[in-house]
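A.B. asks: give me the fold of what follows.
(one chain, ligands or ions: 1)
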Amino acid sequence: MPSAAMWRNPAPASLGDRLGGALDRLREILFRAPAGAAGVRSIEATIRPVGREAAATGDRPGRARNRVTLVGAGPGDPELLTVAAVRAIQAAEVVLYDHLVGPGILDLIPAGAERVCVGKRSGCHSHSQESINSLLERHAATGRRIVRLKGGDPMVFGRAGEEIDHLRARGHEVTVVPGVTAALGCAASAGISLTRRGVSRSLTFVTAHGREGDLGEPDWARLASPTGTLAVYMGREQARRVATGLTGAGLSPGTPVLAIENGCRPDERRHWTTLRGLIEDGPLPGSGPTMLLIGAALAQGMPEEVAAILEATA
Ligand SMILES: C[S@@+](CC[C@H](N)C(=O)[O-])C[C@H]1O[C@@H](n2cnc3c(N)ncnc32)[C@H](O)[C@@H]1O
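C.D. replies: Numbers count the residues shown, from 1 in each chain. Below you'll find the model as predicted:
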């Protein structure tokens with residue numbers, strides 16, 4: 001049984017941090033944009049000075065260790081960045097980013113900051129995780145403010161754990177700013193409730209990708225719940241395998257599937273199908289990041305004409 005003694009409070013904020021927080025809240029109250037008008041530009045204008053001040057406090061003499069901030073960039077739309085993410089990006093002196101980070105977000109990096117692309121596409125050099133870890137450490141050791149910008153949320157299939165371990169083991173302080181993970185951004189974009197009342201009582205983030213720690217085949221029996229929704233990351237090329245595993249474990253072949261490529265970006269594409277369709281059609285076309293949302297809850301968002309076609313071909 002967990003006891004109260006097992007609970008720990010995070011370290012208390014320093015006086016400077018607390019004062020900074022109070023100032024920030026005051027600024028937010030004073031400069032709040034009218035409802036519905038809060039675009040990235042207005043957020044930027046409101047918090048730019050705060051970001052600078054916060055950055056300056058990060059340089060206090062006597063600060064023991066260099067700080068790296070892992071920042072979630074969300075699925076691509078700059079409007080989905082958190083205020084904390086915009087603040088961290090604008091205060092950065094070096095930004096290491098991966099290929100899933102959208103161009104509108106990179107535009108927020110200060111002109112004078114060094115940008116290092118560590119992704120595998122869009123003209124970036126390919127870096128192994130080990131070389132990204134060393135690169136991060138080398139930049140952190142310079143004492144500059146480092147932001148490691150990652151698509152979605154850094155802690156969801158983002159290999160953040162390895163970067164945090166590597167940096168902390170070498171004495172660097174690491175903080176994390178969460179981001180909107182792709183599954184939630186895609187669901188919102190398509191207007192789908194992933195835990196629709198009376199239909200789905202669980203939501204599982206899963207990857208079928210072999211590279212994720214060599215855990216072997218996913219536990220299809222556990223995933224094949226008719227009252228759950230699955231968000232499958234890195235599933236485009238594995239689509240047939242996922243569908244075969246789920247139907248083999250008893251999930252209905254008629255279970256709706258929505259594949260969203262480049263979710264929350266101007267070039268977003270949606271492809272409706274079923275588990276049966278994934279088995280028959282094999283790997284989904286396209287080359288952009290693709291999210292597979294699977295489960296009965298998806299039926300609510302399915303356009304009528306698509307539902308009719310899928311029913312006719314069942
Ligand atoms: C290495 S994982 C990173 C996930 C990320 N940390 C997150 O929280 O969204 C990459 C996978 O996330 C999904 N993904 C990321 N961005 C996406 C987007 N804009 N649209 C659809 N899927 C996306 C795809 O399945 C892609 O293969």
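A.B. asks: what about the stretch 1-150 of the chain, any weak spots by pLDDT?
C.D. replies: Counting by pLDDT under 70, the stretch 1-150 of the chain shows low-confidence ranges at 1-65, 120-125.
A.B. asks: please report how far the nearest residue to residue 162 once chain neighbours are set aside lies from residue 113.
C.D. replies: Leaving aside its chain neighbours, residue 162 sits nearest to residue 129 (5.8 Å; criterion: CB to CB, 6 or more residues apart in numbering). Just so you know, the C-beta spots here come from the backbone N, C-alpha and C atoms, and that holds for glycine as well. From residue 129 across to residue 113, the span is 23 Å (CB to CB, to the nearest Å).
A.B. asks: can you check residue 301 too?
C.D. replies: 40 Å.
A.B. asks: what residues does the stretch 151-300 of the chain have near the ligand?
C.D. replies: Neighbours of the ligand within the stretch 151-300 of the chain, by CB under 6 Å from any ligand atom: 151-153, 156-158, 181-182, 186, 233-234, 260, 262-265, 289-291.
A.B. asks: any idea what the residue of the stretch 151-300 of the chain at minimum distance from the ligand is bridged to?
C.D. replies: At 1.9 Å from the ligand, residue 152 is the closest residue in the stretch 151-300 of the chain, using CB to the nearest ligand atom. Beta-bridge pairing of residue 152 under DSSP bridges involves residue 74.
A.B. asks: look at the closest residue to residue 201 other than its chain neighbours and say how many residues are nearby.
C.D. replies: Excluding the flanking residues, the one nearest residue 201 by CB to CB, 6+ apart is residue 227, at 5.3 Å. Residue 227: 12 surrounding residues under other CB atoms under 10 Å.
A.B. asks: just the pLDDT for the residue of the stretch 151-300 of the chain closest to the ligand.
C.D. replies: Looking at residue 152, its pLDDT is 97.
A.B. asks: now do the contacts for it.
C.D. replies: For residue 152, the contact set (CB atoms under 8 Å, 6 or more residues apart in numbering) comprises 72-75, 100, 158, 179-182, 185.
A.B. asks: would you format these as CSV with secondary structure, neighbour count and distance to residue 173 included?
C.D. replies: Compiled in CSV, the contacts of residue 152 are given as follows (DSSP: H, G, I helix; E, B strand; the rest coil; neighbours: other CB atoms under 10 Å; distance: CB to CB, whole Å):
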residue, secondary structure, neighbour count, distance to residue 173
72, strand, 27, 18
73, coil, 31, 21
74, strand, 28, 24
75, coil, 29, 28
100, coil, 21, 25
158, coil, 21, 19
179, coil, 30, 20
180, coil, 22, 25
181, coil, 23, 24
182, helix, 27, 28
185, helix, 24, 29
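A.B. asks: mind putting the residues you listed into TSV with distance to residue 91?
C.D. replies: Supplementary listing: the contacts of residue 152 in TSV, determined by distance: CB to CB, whole Å:
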residue	distance to residue 91
72	16
73	15
74	18
75	23
100	22
158	21
179	17
180	21
181	24
182	26
185	24
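A.B. asks: burial measure for the nearest residue to residue 144 once chain neighbours are set aside, as a count.
C.D. replies: Nearest residue to residue 144, sequence neighbours excluded (CB to CB, 6+ apart): residue 93, at 3.9 Å. Number of residues near residue 93 (other CB under 10 Å) recorded here: 16.
A.B. asks: before we move on, the earlier item: the residue nearest to residue 201 touches residue 251, doesn't it?
C.D. replies: No: if you go by CB atoms under 8 Å, residue 227 and residue 251 don't touch, sitting 10.8 Å apart.
A.B. asks: which residues touch the residue in the stretch 1-150 of the chain positioned nearest to the ligand?
C.D. replies: Closest residue of the stretch 1-150 of the chain to the ligand, CB to the nearest ligand atom: residue 75 (3.7 Å). By CB under 8 Å, 6+ apart, the contact set of residue 75 is 151-152, 180-182, 185-186, 263-265.
A.B. asks: tell me which two in the residues you listed are the farthest apart.
C.D. replies: Greatest spacing in these, by CB to CB: 181 and 265 (15.0 Å).
A.B. asks: stretch 266-276: which residues count as buried?
C.D. replies: 268, 270-276 (16 or more other CB atoms under 10 Å).
A.B. asks: now these in CSV, with pLDDT?
C.D. replies: Below are the buried residues of stretch 266-276 laid out as CSV (pLDDT from 0 to 100):
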residue, pLDDT
268, 97
270, 95
271, 95
272, 95
273, 94
274, 95
275, 96
276, 95
